[in-house]
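J.: Sharing a model that was predicted from the sequence below.
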Amino acid sequence: MSHLTMIKLLNYLPSKLQSTSYTDSLRNLMMTAVLGASVALSGCSLFSVYKIDLPQGTPITQDQAQKLQVGMNKNQVLYILGSPAIKDTLEPNRWDYVYDYQAGTEGTRKGIADVKDASQHLIVYFDANGLVNRIEGMETLPVE
């Protein structure tokens with residue numbers, strides 16, 4: 001039905017219904033209903049944006065880190081822990097394993113807590129021969 005046809009139909013309405021106050025109040029009612037419905041639906045989690053989980057770094061537990069021993073070489077450390085998050089070119093005998101996690105939609109549903117500000121930070125120091133001589137930060141890792 002075109003808008004011209006609708007205008008013609010409005011001309012056939014009784015004079016009481018053709019008043020501008022009636023059409024204005026009807027328009028206001030419709031606008032309020034549409035606005036209310038859009039606000040109500042925007043608050044529903046069903047229509048929210050899906051957010052991905054953001055793991056950054058290597059998640060390491062204390063059990064894994066306790067397998068490290070002073071005197072191991074770099075290849076053995078790589079085998080146990082994987083690649084470090086930071087290999088500093090200015091300090092090549094230090095490897096940093098940092099882990100951060102921001103829960104998205106799926107992590108929030110499962111109740112997984114965020115890990116922020118590098119609170120899980122393991123540092124492995126090597127000597128000039130490439131052997132582990134010190135390990136720091138084991139207390140920051142989760143126990144599993």
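T.: Yep, it's here.
J.: mind checking how far stretch 63-74 is from the chain centre?
T.: A distance of 32 Å separates the centroid of the chain from that of stretch 63-74, by CA atoms, centre = their mean, to the nearest Å.
J.: If you could redo that for stretch 121-136, that was the one I meant.
T.: 33 Å.
J.: Quick one: mean pLDDT for it?
T.: For stretch 121-136, mean pLDDT is 93.
J.: The closest residue in space to Met72 that isn't next to it in sequence: neighbour count?
T.: Nearest non-adjacent residue to Met72, counting by CB to CB, 6 or more residues apart in numbering: Val132, 4.8 Å away. In short, each C-beta sits where N, CA and C put it, glycine included. Using other CB atoms under 10 Å, Val132 has 20 neighbouring residues.
J.: just checking, what packs against whichever strand or helix holds Val132?
T.: Using DSSP states H and E, Val132 falls within strand 132-136. The elements that strand 132-136 packs onto, with contact taken as 3 or more CB pairs under 8 Å, 6 or more residues apart in numbering; DSSP states H and E, are strand 115-126.
J.: now do 10 Å
T.: In terms of contacts (3 or more CB pairs under 10 Å, 6 or more residues apart in numbering; DSSP states H and E), strand 132-136 is packed against helix 74-81, strand 94-102, strand 115-126.
J.: Give me the contact list for that strand.
T.: Outside of strand 132-136, the residues within contact range by CB atoms under 10 Å, 6 or more residues apart in numbering are 65-66, 68-74, 76-77, 93-96, 121-127.
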